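Q: Prediction below, plus the sequence it came from.
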Amino acid sequence: MTEPKTPLHIADYRLFWAARFLSWFAGSGMVVIIGYQLYDLARQSYGMSIAQASFMLGVLGFVQFVPMFLMSPIAGVVADRFDRRHVGALAVGIDAGMGLALAAATQFGWLSMPLVLGLAVAHGVARVFVGPSVGSIAPTIVPPALLPRAVAMNSMAMQSGTILGPAIAGLLFGWSPPVFYWIAGGMLAVSIVLLLAIRPLPPHAANKDVHPFRLIGEGFSYVRGNPFLLGCITLDLFAVLLAGATALLPVYARDILHVGATGLGQMRAAPAVGAALLGLILSVRPLQKRVGVTMLSAVAVFGLATAVFGLSRNYYLSLAMLGILGAADMISMFVRGSLVQLHTPDAMRGRVQAISGLAIGASNELGEMESGIAAALLGATGAVVLGGIGAVVITVIWAVIFPQIRRADGFHSQTEE
């Protein structure tokens, strides 16, 4: 049999890629509408000030993080104990149900702040299981030599979905608010079918007879005992926790740049445009040398672009900065994703992915909470600018205390399957 030259030569990977694209398209578009609707509800229906409504955006992030914090260890064990296709399909089904519920609530005027926050919790539950299950599929269907390229293509699926989803969601919301929710529910249903069409992925035999609590402990011990993995995962946690401008984009769209829901969709898509362009380049010509230094530099650029965005009052400059931070995040995510996968044995991948997902969720959702609180105290501009500067400081500190990252020169598997 001829060896595949690219991940797209593998039929199961094509199914996986399409499922990932559809789920990110639907999910990222719904998140844009949810944030805008919650902020608008707070301002219009509940009579909140800009500061109070900004704080509610932080609450939105927090309620999505709570299930991730509580359930990530369990999700990792489930991904390592059961067929990862089935776990991922069930989680995507929860997201589809959330989308259809929001479609009906928007269509018939049932929207309220408690309902939106409650459905956001459901979205958090779905995400906590999607990460370790779906995120661990690629290394089992792609040869190790093609894994860095597959990671780049996975990111392209995510970023291209994140480009189109918010942009189309913003446009459709201005025309008819519930339409995109209905579309998203259908796309998530197709994603479920594609995941289940991948060949069966039985769990690793070593995990079958081990108590779940022991499996959870093994996952945390493995990461804690590997300074390289620990440094990679926590770098993203603290940098994005501080420099998460995304949560405050509704504030910029409505009350600072005055571009409305359509502009919000474009701003949410801008980081993905930059990331997709870098992802296309990396899928054709992956990084080979000095990957650790490249990742650290990309995180620093991410922080600087965030700070400039915070100060900007020109819509096009703001879009440019969002594009740059998205490109920088793409480089960091590509390097980190490849190195973490290559440094983790398959029997442990679900749990390590869950821990990594918990860190990413903490950086995103808790970052939104931090941004909401900071905006209430300092204003949106102060919160974003100081967060960007903080990300640069964190990068310098991590380069010193985790020299293993700085010394990483290439992508080499460190596991024995």
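A: That came through, no problem.

Q: Scan the helices and strands of this protein for the one with the lowest mean pLDDT.
A: Least confident helix or strand of the chain, by mean pLDDT, DSSP states H and E, is helix 212-224 with a mean of 59.

Q: Was I right to think W110 contacts A104?
A: Yes. Assessed by CB atoms under 8 Å, W110 is found in contact with A104 at 7.2 Å. C-beta here means a position set from N, CA and C on the backbone, and glycine is covered the same way.

Q: circling back: buried set for the very next helix or strand once past the least confident helix or strand of the chain?
A: Following helix 212-224 in sequence order, the next helix or strand is helix 227-242 (DSSP states H and E). For helix 227-242, the neighbour count (16 or more other CB atoms under 10 Å) marks 228-242 as buried.

Q: who does helix 227-242 touch, helix- and strand-wise?
A: On a contact count with 3 or more CB pairs under 8 Å, 6 or more residues apart in numbering; DSSP states H and E, helix 227-242 meets helix 212-224, helix 291-311, helix 315-342, helix 346-361, helix 367-401, helix 403-407.

Q: hmm, who's touching the helix or strand that that helix is followed by?
A: Counting by DSSP H and E, the next helix or strand C-terminal to helix 227-242 is helix 249-251. Helix 249-251 has contacts (CB atoms under 8 Å, 6 or more residues apart in numbering) with 35-36, 39, 50, 53-54, 57, 264, 267-268, 375, 380.

Q: 10 Å - rerun?
A: 32, 35-40, 42-43, 50-51, 53-54, 57, 60, 166, 256-257, 261, 263-265, 267-268, 270-271, 309, 318, 322, 371-372, 375, 379-381, 383-384 (CB atoms under 10 Å, 6 or more residues apart in numbering).

Q: Around Q44, count how many other residues there are.
A: Neighbour count for Q44, taken as other CB atoms under 10 Å: 10.

Q: OK, contacts around it?
A: Q44 makes contact with A53, according to CB under 10 Å, 6+ apart.

Q: so how far is R254 from it?
A: Look at Q44 and R254: by CB to CB, to the nearest Å, they are 11 Å apart.

Q: shared neighbours, those two?
A: Shared contacts of Q44 and R254 (CB under 10 Å, 6+ apart): A53.

Q: Regarding R313, what is its secondary structure?
A: coil (DSSP: H, G, I helix; E, B strand; the rest coil).

Q: Can you point out the buried residues in stretch 8-23?
A: 10, 12-13, 15-23.

Q: Most widely separated two among the residues you listed?
A: Greatest spatial distance among the buried residues of stretch 8-23 (CB to CB): I10 and S23, at 19.4 Å.

Q: Was I right to think I233 contacts R336?
A: Yes. At 7.8 Å, I233 and R336 qualify as touching, with contact defined as CB atoms under 10 Å.

Q: And the pLDDT for I360?
A: On pLDDT, I360 comes in at 63.

Q: shouldn't A272 be in contact with S160?
A: Yes. Between A272 and S160 there is a contact under CB under 10 Å: 7.2 Å.

Q: Those two: which has the busier surroundings?
A: Using other CB under 10 Å, the more surrounded residue of A272 and S160 is A272, with 29 against 19.

Q: Run through the residues that contact the more buried one.
A: Contacts were defined as CB under 10 Å, 6+ apart; by that measure A272 touches 24, 28, 156, 158-167, 279, 322-323, 326-327, 329-330.

Q: Let me know the secondary structure of it.
A: At A272 the chain is in helix, as set by three-state DSSP.

Q: From S155, how far off is it?
A: 10 Å.

Q: which neighbours do the two share?
A: By CB under 10 Å, 6+ apart, A272 and S155 have these common neighbours: 162, 279, 329-330.

Q: So which of those residues is the closest to V142?
A: Of all the shared contacts of A272 and S155, V142 sits closest to G279, with 16.1 Å by CB to CB.

Q: which non-adjacent residue is nearest that closest one?
A: M156 (3.9 Å; CB to CB, 6 or more residues apart in numbering).

Q: any idea which of the buried residues of stretch 8-23 is closest to A189?
A: Using CB to CB, the buried residues of stretch 8-23 come closest to A189 at L22, 9.2 Å.
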